[in-house]
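> Sharing a model prediction with you, sequence too.
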Amino acid sequence: MEVIKRTKVVDILKSEAFGSTVNVKGWVRTRRGSKQVSFIALNDGSTIHNVQIVVDVDKWGDDFLKSITTGASLSVNGILSPSQGKGQSVEIQATEIEIYGTADPAVYPLQKKGHSMEFLREIAHLRPRTNTFGAVFRMRHNMAYAIHKFFHDRGFFYFHTPIITASDCEGAGQMFQVTTMNLYDLKKDEKGSIIYDDDFFGKQTSLTVSGQLEGELAATALGQIYTFGPTFRAENSNTPRHLAEFWMIEPEVAFNNITDNMDLAEEFIKYCVRWALENCADDVKFLNDMFDKELIARLEGVLKEPFVRLPYTEGIKILEEAVAKGHKFEFPVYWGVDLASEHERYLVEEHFKRPVILTDYPKEIKAFYMKQNEDGKTVRAMDVLFPKIGEIIGGSEREADYDKLLTRIKELNIPMKDMWWYLDIRRFGSVPHSGFGLGFERLLLFVTGMTNIRDVIPFPRTPNNAEF
């Protein structure tokens, strides 16, 4: 086969070099045709669209073409031509075909038919080859790029926080332990507690639930930083919104108060949504047409108006009024409750009909590090609530006062041996500072229109599931 430099399908489809000989490589989506001519839809992952290969059956013969089935991989040389068919501007008249690998239709699971999301999760090693997951994972890349670009363009520094840690940022204790000890022969003291002296780090360590605390250290030195990395929660949550391993983006900014924090969060999330609409148009349109007919309208709707900024206490009043008028919630509504997704979505989708930033939550339902308001009951927290998702961003102004933070740590019985370094930033040149966390997969749920978080990460980690 003549060696011609390969052109990606995404570029071939834009080309107008008709009459030139080109090479494309990829996987067969479908092959159809008649006794005289065969049409191969070839895709190489660079775009949602396929390029059509036109094959003269007499030239190759039926026996050769029988091996070209859905899933087979090919290298094709051919003449680039204007397309005679609908839905494409170019096609390739094949002159040489090399079959790299066949895919027996009797056993290859991705045949040309509809597959359930549940089935595709069982073959997560193959599902990126489907149109749907090709679109999702191209968008995942684009969103990651947009996030780095947003912060870089605004003078933030990308800061790498540890994945193995001895501190529990959220104080919830739902952490995966990291150890090199023999689990069948653990040393214990007279109280029955495990002795970690011989463990790799000489102490109990876990996978991080958040890079925030270390991010605060960096912000009080570099001014404004962001983290973007994997985080882990050992929650036994089998919901469409939870993963045991997911990715988090966490900016921290010295000298920012809660209002600055809300401004940054709104600017950031709108930037990401706009990036998806402008740079992933083909994939967004495919997902809109195939899965969620309101996706594009919902994305555009987020950009149209400022987000509502609503104190928690006022939000509770709105929800209580809804209950009084006969609206049924599964979970009760009262001041002090940690709002459920159904409450958040009511405020966003039915009451305001646009995103809401809920602020000033009761301190009892929020983390120890949030700055307390003067009322002594609430903290300067903020959650950004989105349609279909509920909470997509959570953040706060951080407590900058050493004594107040120390008191709160003691109230919650957080081990001081893990917190000395965190308190030091309140001892040495403490400043007002704020930050927030965005679950990357929650963002992807919103911009792709997918309904299950397991479908926006390549290999989901959930209770009783660590395949691939």
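Good, I have the coordinates. Numbers count the residues shown, from 1 in each chain.

> residue contacts, Ile409?
With contacts defined as Cβ atoms under 8 Å, 6 or more residues apart in numbering, Ile409 is in contact with 368, 416, 419, 423. The C-beta positions use only the backbone N, C-alpha and C, and glycine is treated the same way.

> Select from those residues the one having the most neighbours.
Phe368 (19 neighbours; other Cβ atoms under 10 Å).

> residues in contact with that residue?
By Cβ under 8 Å, 6+ apart, the residues touching Phe368 are 171, 405, 408-409, 412, 414.

> before we move on, the earlier item: ok, so of the contacts of Ile409, who is nearest Glu245?
For those, the closest approach to Glu245 (Cβ to Cβ) belongs to Phe368, at 24.6 Å.

> Does that closest one belong to a helix, a strand or coil?
coil (DSSP: H, G, I helix; E, B strand; the rest coil).

> Would you mind measuring from it to Asp418?
Here the criterion is Cβ to Cβ, to the nearest Å. By it, Phe368 lies 12 Å from Asp418.

> Over to Gly326?
Taking Cβ to Cβ as the measure, Gly326 falls 48 Å from Asp418.

> Give me the nearest residue to Glu214, chain neighbours excluded.
Thr161 (4.1 Å; Cβ to Cβ, 6 or more residues apart in numbering).

> how about that neighbour, what does it touch?
So Thr161 contacts 208, 211, 214-215, 218, 227, 229 (Cβ under 8 Å, 6+ apart).

> Now for those: which two are most distant?
Thr208 and Ala218 (14.6 Å).

> The two: who's more crowded?
Legend: neighbour count by other Cβ under 10 Å for Thr208 and Ala218, higher for Thr208 (26 against 20).

> which residues sit in contact with the more buried one?
Applying Cβ under 8 Å, 6+ apart, the residues contacting Thr208 are 161-165, 169, 231-232.

> Got a quick PyMOL command for the buried subset of those?
Burial among the contacts of Thr208 is assessed by 16 or more other Cβ atoms under 10 Å; the matching PyMOL selection reads:
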select buried, resi 161+165+169+231+232
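
> Of the contacts of Thr208, just say which sits nearest to Leu319.
Nearest to Leu319 among those: Cys169, at 29.1 Å, using Cβ to Cβ.

> Next one, pLDDT for the closest one please.
If you check Cys169, the pLDDT there is 62.

> Give me the buried stretch members for stretch 285-294, please.
So, applying 16+ other Cβ under 10 Å, buried residues of stretch 285-294: 286-288, 291-292.

> Stretch 84-103 now?
The neighbour-count check on stretch 84-103 (16+ other Cβ under 10 Å) flags 90-92, 94, 97, 103 as buried.

> With stretch 190-209 instead?
Buried residues in stretch 190-209, defined by neighbour count with 16+ other Cβ under 10 Å: 196, 199, 205-209.

> Out of those residues, list just those in strands.
205-207 (DSSP state E).

> Now the nearest residue to Ser89 once chain neighbours are set aside: phi and psi?
In space, and not counting its chain neighbours, Ser89 is closest to Ser83: 5.8 Å by Cβ to Cβ, 6+ apart. Per-residue torsions, Ser83: phi -80, psi 140 (degrees, to the nearest 10).

> Quick check: Ser83 touching Ile92?
No: contact criterion Cβ atoms under 8 Å: Ser83 and Ile92 do not qualify, at 9.6 Å.

> can you list residues touching both of the two?
Gln52.

> hmm, who's touching stretch 111-129?
27, 29-30, 45, 70-71, 105, 109-110, 130, 132-134, 137, 452, 454-455, 458-460, 467-468.

> Return the members of those classed as buried.
Here, 16+ other Cβ under 10 Å leaves 27, 29, 70-71, 110, 132-134, 137, 454-455, 460 buried among the contacts of stretch 111-129.
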